[in-house]
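1. sequence below, structure please.
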Amino acid sequence: QLQLVESGGGLVQPGGSLRLSCAASGFTLDYYAIGWFRQAPGKEREGVSCISSSGGVTNYADSVKGRFTISRDNAKNTVYLQMNSLKPEDTAVYYCAAARGSRWYTSLMGADFGSWGQGTQVTVSS
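-> Residues are numbered from 1 along each chain as shown. Predicted structure coming up:
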């Protein structure tokens, strides 16, 4: 059974940093693009970042470019989202999701992803 588990969320002050982790069990991440999505109360889900199965292609939402970095460690079956210079508008529940595709495939559309984690809360507030 494919399972993704997010961790690393929490409360941080504006300008601070957090690193989210997405750990997979029941399958290897080697053949999956992994995306990070977020949903704030009253707002639609937003694609934040995605990394291809090869790790060679990444993309980011304009709202996080230059502040967030996605990476993967296939040996640990884990994908990370390093979030720096956090803003109050980054507050949301963050989800990771997996999608099969070519080694260079990425997407920021949730409908392209078949397996989802349960989410981790990120709150940016002073």
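2. what's the mean pLDDT across stretch 89-107?
-> Averaging pLDDT along stretch 89-107 gives 95.
3. please compute how far it lies from its chain's middle.
-> Using C-alpha atoms, centre = their mean, to the nearest Å, the distance from the centre of stretch 89-107 to the centre of the chain it belongs to is 5 Å.
4. and it, what's buried?
-> Under the neighbour-count criterion of 16 or more other C-beta atoms under 10 Å, stretch 89-107 has 90-99, 105-107 buried. For the C-beta atoms, the positions are set from N, CA and C on the backbone; glycine is no exception.
5. now the residue nearest the centre of the chain, nearest residue through space, not along the chain?
-> By C-alpha atoms, centre = their mean, the chain has its centre lying nearest to residue 36, at 2.3 Å. Among residues not flanking residue 36 along the chain, residue 48 sits closest, at 4.4 Å (C-beta to C-beta, 6 or more residues apart in numbering).
6. over to residue 56?
-> Per C-beta to C-beta, 6+ apart, closest to residue 56 is residue 104, 6.3 Å.
7. the one you found touches residue 52, doesn't it?
-> Yes - between residue 104 and residue 52 there is a contact at 5.1 Å, judged by C-beta atoms under 8 Å.
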